[in-house]
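Engineer: this one's sequence-less:
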């Protein structure tokens with residue numbers, strides 16, 4: 001859009017214009033010529049229209065802004081009281097805004113029948129009919145206003161004015177004038193009977209009615225891309241005034257340079273078209289654009305395709321080295337390495353270790369529903385037990401590794417719209433945030449809870465260690481705070497600690513997680529509630545404490561059946577214990593003995 005001077009101090013000419021406008025408006029009121037909305041004659045029947053909306057500040061920015069960063073952004077959409085501009089001046093004065101508008105298609109040709117400026121306006125009350133609005137446009141550095149409307153009370157309405165010719169030149173509109181056009185609104189509030197009562201505007205837009213003479217064409221992404229072949233795709237969107245249009249593709253190996261053209265195809269209606277390319281070079285970029293010849297020639301935007309067979313390399317996020325991807329179909333694009341912390345919150349990789357990090361990429365140009373073999377060369381050997389995992393909608397899904405376990409090169413299979421495609425849509429594109437992972441073994445610990453109080457521990461780690469998640473439906477959970485020497489309600493459960501858990505009936509509580517076979521925790525002087533480890537009993541007759549000798553070589557557990565303490569010298573899986581220490585130390589429990 002051609003740049004137009006922004007708001008500035010109004011010169012003498014503009015002062016005269018404002019004074020004339022005020023006088024004109026006053027005369028209209030005094031002579032009872034201010035009328036409700038007027039329906040203007042419609043434009044000449046046109047084949048189509050385009051709508052231009054605000055995209056920048058124009059010559060005036062006088063209205064008061066509400067709930068938006070700028071005046072023009074407040075008037076982009078018809079969102080009513082969500083964002084708007086207003087006039088709240090005293091003395092029944094006018095405020096004016098003008099906005100830059102989005103550009104029409106720069107290559108369009110044809111006859112412009114009319115330009116209609118719309119405003120979406122509202123007022124709450126008019127004691128004397130002063131709450132008014134006018135449509136405004138600016139062309140050839142001159143401002144023109146439409147008919148003044150008295151606003152409907154408490155109802156947002158569309159008010160408009162149509163110009164069939166340029167109001168400054170008196171001639172038919174040109175496309176250059178449309179490209180430089182500004183549109184806006186004038187608002188006036190009422191200042192009587194306890195006012196002012198504001199006038200509001202929530203949207204401004206211009207509708208251009210025209211008959212297009214030349215065709216319009218769009219270049220689409222290529223499909224069915226292989227090592228030596230591809231299909232180019234395009235869409236004829238408008239025929240123009242011609243009865244038929246010849247469509248084709250220009251293409252070459254350098255951007256902007258098209259050394260080849262496909263055989264033209266004649267179309268008598270809008271729709272898609274394509275052309276097959278063969279004898280291409282593997283792993284090579286090709287640039288192409290759609291072409292349409294009718295009553296004029298138009299081109300689509302340039303699109304790039306890359307034939308298969310090329311290697312796509314990226315350094316791993318864990319700095320283990322470079323990882324290389326290839327696919328037997330389509331083209332790999334937007335390849336990037338991801339660290340675990342880059343994953344969205346719903347993709348918690350709990351229980352998974354990604355030695356080379358994760359990878360995100362897209363495969364484009366495959367037939368909808370096709371299955372693609374992706375070969376991945378890693379910096380080191382992929383060991384037995386490795387799984388390829390992908391997070392889809394917050395769930396980790398196994399992707400088959402069809403070959404390569406025990407080597408540094410593995411092959412996985414991804415299906416468009418199926419397994420391995422994150423968008424789960426057969427659209428010729430495969431999205432895949434994923435990576436090879438070492439899955440940590442999961443175990444289940446069963447806690448045998450008896451009616452009343454139980455002294456237990458949780459020797460596993462889960463994805464959510466919150467108390468409510470670990471102990472759902474129990475009556476109460478407490479642990480011991482050795483510093484404060486009092487009980488407290490924990491928010492998180494830790495494997496190294498023991499817990500009192502109360503239930504109203506006997507039950508088995510099963511907890512699945514990664515086993516904790518040993519732990520080290522800071523222990524305070526006095527009594528401490530400690531936890532257990534997974535895998536069996538651990539002797540506590542000679543505690544592994546630092547400094548040595550800080551803790552006594554015995555523990556007490558609780559028997560919920562006899563409701564009494566039990567003296568012992570071993571720590572067993574799932575139980576909680578009292579341990580006595582004569583001084584603060586670091587205590588290690590586990591791993592279990594053979």
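Structural biologist: That came in fine, so what should we check first? Since we're looking at a predicted model, the values are computed, not measured. Numbering: from 1, shown residues only.
Engineer: name the spans of the stretch 201-350 of the chain whose pLDDT lies under the cut-off.
Structural biologist: Within the stretch 201-350 of the chain, the stretches with pLDDT under 70 are 309-311.
Engineer: sec struct for the most centrally placed residue in the chain, please.
Structural biologist: Nearest to the centroid of the C-alpha atoms of the chain, with distances taken as Cα atoms, centre = their mean, sits residue 344, at 11.5 Å. At residue 344 the chain is in coil, as set by DSSP: H, G, I helix; E, B strand; the rest coil.
Engineer: and residue 72, by the same measure?
Structural biologist: helix.
Engineer: so it sits right up against residue 102, yeah?
Structural biologist: No - using Cβ atoms under 8 Å, residue 72 is not in contact with residue 102; the gap is 11.0 Å. Every C-beta, even on glycine, is put in place using the N, C-alpha and C of the backbone.
Engineer: give me the common contacts of these two.
Structural biologist: Between them, residue 72 and residue 102 share these contacting residues under Cβ atoms under 8 Å, 6 or more residues apart in numbering: 54-55.
Engineer: of those two, which one has the most company?
Structural biologist: When residue 72 and residue 102 are compared for neighbours, residue 72 comes out ahead with 24 against 15, by other Cβ atoms under 10 Å.
Engineer: domain assignment for this protein?
Structural biologist: Domain ranges of the chain: 12-212, 216-306, 314-439, 443-589, per automatic domain parsing.
Engineer: so residue 224 sits right up against residue 331, yeah?
Structural biologist: No - with contacts counted by Cβ under 8 Å, residue 224 stays clear of residue 331, the gap being 10.9 Å.
Engineer: ranking helices and strands of this structure by mean pLDDT, which lands last?
Structural biologist: Ranked by mean pLDDT, DSSP states H and E, the helix or strand of the chain with the weakest confidence is helix 12-30, at a mean of 37.
Engineer: which residues touch residue 451?
Structural biologist: Listed by Cβ under 8 Å, 6+ apart, the contact set of residue 451 reads 503-506, 560.
Engineer: among the residues you listed, which ones are in helices?
Structural biologist: Secondary structure defined by DSSP state H assigns none of those to helices.
Engineer: show me what contacts residue 140?
Structural biologist: Residue 140 makes contacts with 166, 168-169, 177, as judged by Cβ under 8 Å, 6+ apart.
Engineer: typo on my end, it should be residue 346
Structural biologist: For residue 346, the contacting residues are 391, 393-394, by Cβ under 8 Å, 6+ apart.
Engineer: Throw together a PyMOL command that grabs the buried residues out of the residues you listed.
Structural biologist: Buried members of these, defined by 16 or more other Cβ atoms under 10 Å, are picked up in PyMOL with:
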select buried, resi 391
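Engineer: so which of the contacts of residue 346 are in strands?
Structural biologist: residue 391 (DSSP state E).
Engineer: turn the contacts of residue 346 into JSON lines, including distance to residue 518.
Structural biologist: Listed next are the contacts of residue 346 as JSON lines, based on distance: Cβ to Cβ, whole Å:
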{"residue": "391", "distance to residue 518": "30"}
{"residue": "393", "distance to residue 518": "36"}
{"residue": "394", "distance to residue 518": "32"}
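Engineer: and which of the contacts of residue 346 is nearest to residue 404?
Structural biologist: residue 391 (22.0 Å; Cβ to Cβ).
Engineer: re the thing from before, what touches both of residue 224 and residue 331?
Structural biologist: Shared contacts of residue 224 and residue 331, defined by Cβ under 8 Å, 6+ apart, comprise residue 365.
Engineer: quick one: low-confidence residue ranges for this protein.
Structural biologist: Scanning the chain for pLDDT under 70 picks out 1-47, 90-91, 126-129, 191-196, 309-311, 428-433, 438-441, 593-594.
Engineer: quick check: residue 496 touching residue 523?
Structural biologist: No - between residue 496 and residue 523 there is no contact under Cβ under 8 Å: 9.4 Å.
Engineer: now the common contact residues for these two.
Structural biologist: Common contact partners of residue 496 and residue 523 (Cβ under 8 Å, 6+ apart): residue 530.
Engineer: now the strands for the stretch 1-150 of the chain?
Structural biologist: For the stretch 1-150 of the chain, strands defined by DSSP state E, counting those that start in this stretch occupy the ranges 48-52, 54-61, 64-66, 84-87, 94-101, 110-123, 132-139, 142-150.
Engineer: got it, and the stretch 201-350 of the chain?
Structural biologist: Using DSSP E, counting those that start in this stretch, strands in the stretch 201-350 of the chain cover 216-223, 230-238, 245-252, 260-261, 265-267, 271-277, 285-294, 296-299, 303-306, 312-315, 322-327, 331-338.
Engineer: and those as JSON lines, adding distance to residue 131 and mean neighbour count?
Structural biologist: Formatted as JSON lines, the strands of the stretch 201-350 of the chain follow (distance: least, Cβ to Cβ, whole Å; neighbours: other Cβ atoms under 10 Å):
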{"stretch": "strand 216-223", "distance to residue 131": "43", "mean neighbour count": "20"}
{"stretch": "strand 230-238", "distance to residue 131": "42", "mean neighbour count": "22"}
{"stretch": "strand 245-252", "distance to residue 131": "51", "mean neighbour count": "22"}
{"stretch": "strand 260-261", "distance to residue 131": "61", "mean neighbour count": "13"}
{"stretch": "strand 265-267", "distance to residue 131": "53", "mean neighbour count": "14"}
{"stretch": "strand 271-277", "distance to residue 131": "50", "mean neighbour count": "16"}
{"stretch": "strand 285-294", "distance to residue 131": "50", "mean neighbour count": "22"}
{"stretch": "strand 296-299", "distance to residue 131": "47", "mean neighbour count": "18"}
{"stretch": "strand 303-306", "distance to residue 131": "52", "mean neighbour count": "19"}
{"stretch": "strand 312-315", "distance to residue 131": "62", "mean neighbour count": "15"}
{"stretch": "strand 322-327", "distance to residue 131": "64", "mean neighbour count": "18"}
{"stretch": "strand 331-338", "distance to residue 131": "53", "mean neighbour count": "17"}
